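# build the 3D model from these lines:
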Amino acid sequence: MSGSPAVVIRLMASAYAVAEKAGAIVRKVLHSGELGIVEKTGANDLQTLADRLAQQSICASLSRRFPKLTIIGEEELPSEEVQEDLIENGQSEEILQKTCPLEYRDLKEEELVVWVDPLDGTKEYTEASRCLHLRAVAQTPHKGLDTSQPHSTALWLLDNVTVLIGIAYGGRAIAGVINQPFYNYQLGVGAQLGRTMWGMLGLGTFGFQLQEVPGDRRIVTTTRSHSNKLVTDCVDAMEPHEVVRVGGAGNKIIQLIEGKASAYVFASPGCKKWDTCAPEAILQAVGGKLTDMHGNAYRYDANVKHMNSAGVLATLRNHEYYISRVPQAVLQALKSD
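Numbers count the residues shown, from 1 in each chain. Here you go, the predicted model:
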C-alpha cells in the first residue's frame, strides 16, 4: 500500500484495538466482584464500574489519536483526567492493510461521528456477576471466571454482553466494531476469552462466519428484560415459528448474522443510537437492514436525538415482509422521527 492509510481505516484499526482493551476491562471488573453498580433511571437501567472505565478507555484513546473526532458515549461521566493504563495506543495491523472504499478515502476526522456503548447488556452483566458470586460463596473460593458449569444461567447471560463502537458519516452508519468479552466461555478454564468482529460498507465484514436461518423459518429475537404489550403484540404479528429473548442490541444483531434469528423486533423507544450504530453498519455490510418500525432509516449525525423513538426492526433478508406485519397500533404508538 502506498502512502498513509485513509483516516477512516486508521480509525477502524484503532477502534478494533480499543474495543479489545474495553473487553478486557469488562472481564477484569467482573472477575473482581466489585461492580460499583449505579441505577441511572431505575432497576432496568444500570451503570457499573465496567461501563465507566470502558467508556473512559474508548473515548480517551480515540480522542488522543483523533482530536477532531466527534465521540458520543452512552454514559454521562464527569470530566476528569483518565488514568494512563486505560489508554490504548495500538492499532490492528490487519485493518491498516485493507484498501479503503473509494467513497470514504478522503474523509476527514471532523466529518466522522463515533457512537460508543461501552457495555451493551449491562443488566445481564450484573445478573451474571451476582450468580457467579453466589455460586462461589456456596462452593469454593472463586478465582476468575468459573466455567465448571458451562450451561448455567450465569454464564449464558454473559453471551449478551458486548462493547459497541460505531462510525457514522453523513448521518449514516458506515462502519462498526463489536467485541464480545466472554466469547468462548464454554471451553472452560484456560480458554482464550473474547472475540472482535467488524465491518465497513464497501469493504466487508470480518471476525465471524455469516450464516442464515435455514428455509422459511421465522425466528424473531427480541428483548429479554424490557418487554411490554406493544412489544409482545408486534412480535406475535410476525407469526414467528420461534421467539428468542436475549439482552443487548449488539447481541441481537449477532443472532441475525450467525443464523440464530431471522428478525430483530423491538416495538419500543428504549433503544439508543449507541446501541444500533455499530451493529447496523455490520448488518448492512452483509446485505441486511435496520430501520424503525415504519421502515425508515435512523440517522447518526452528531446533533440527532439519542433515542430511537420509533423502535427497531432489523433483518438479514425479507425486510419488507416484517415491515408489512407491524400492527397499526404499533405504528400509531411509535411516531417516526
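# chain center to the helix or strand S14 falls within: distance?
Using DSSP states H and E, S14 maps to helix 7-32. The chain centroid and the centroid of helix 7-32 are separated by 13 Å under C-alpha atoms, centre = their mean, to the nearest Å.
# of all residues in this protein, which one is nearest the centre?
G250 (3.1 Å; C-alpha atoms, centre = their mean).
# wait, it touches A281, no?
No - using C-beta atoms under 8 Å, G250 is not in contact with A281, being 11.5 Å away. In this view, the C-beta of every residue, glycine as well, is placed from N, C-alpha and C.
# give me the contact list for stretch 293-313.
70, 72, 113, 115, 166, 168, 171-173, 234, 249, 263-269, 271-277, 280, 290-292, 319-320, 322-323, 326, 330-331, 334-337 (C-beta atoms under 8 Å, 6 or more residues apart in numbering).
# give me the buried positions along it.
For stretch 293-313, the neighbour count (16 or more other C-beta atoms under 10 Å) marks 293-295, 298, 300, 304, 308-313 as buried.
# helices along this structure, start to end?
Per DSSP state H, the chain carries helices over the ranges 7-32, 49-65, 93-96, 122-138, 153-158, 229-237, 249-257, 273-285, 319-325, 328-333.
# mean pLDDT for those helices - can I get that in CSV?
Output for the helices of the chain, formatted as CSV (pLDDT from 0 to 100):
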stretch, mean pLDDT
helix 7-32, 96
helix 49-65, 94
helix 93-96, 98
helix 122-138, 73
helix 153-158, 76
helix 229-237, 95
helix 249-257, 97
helix 273-285, 98
helix 319-325, 97
helix 328-333, 96
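# out of the ones you listed, which is closest to V177?
For V177, the closest of the helices of the chain is helix 7-32, at 4.6 Å, according to C-beta to C-beta.
# and the closest one, what does it pack onto?
Packed against helix 7-32, as judged by 3 or more C-beta pairs under 8 Å, 6 or more residues apart in numbering; DSSP states H and E, are the following elements: helix 49-65, helix 93-96, strand 112-120, helix 122-138, strand 162-169, strand 172-180, strand 195-200.
# and of those, who's closest to S225?
Nearest to S225, of all the helices and strands packed on helix 7-32, is helix 122-138, at 5.4 Å by C-beta to C-beta.
# could you report the neighbour count for R195?
R195 has 16 neighbouring residues, counting by other C-beta atoms under 10 Å.
# got a list of what it touches?
For R195, the contacting residues are 179-180, 183-184, 207-208, by C-beta under 8 Å, 6+ apart.
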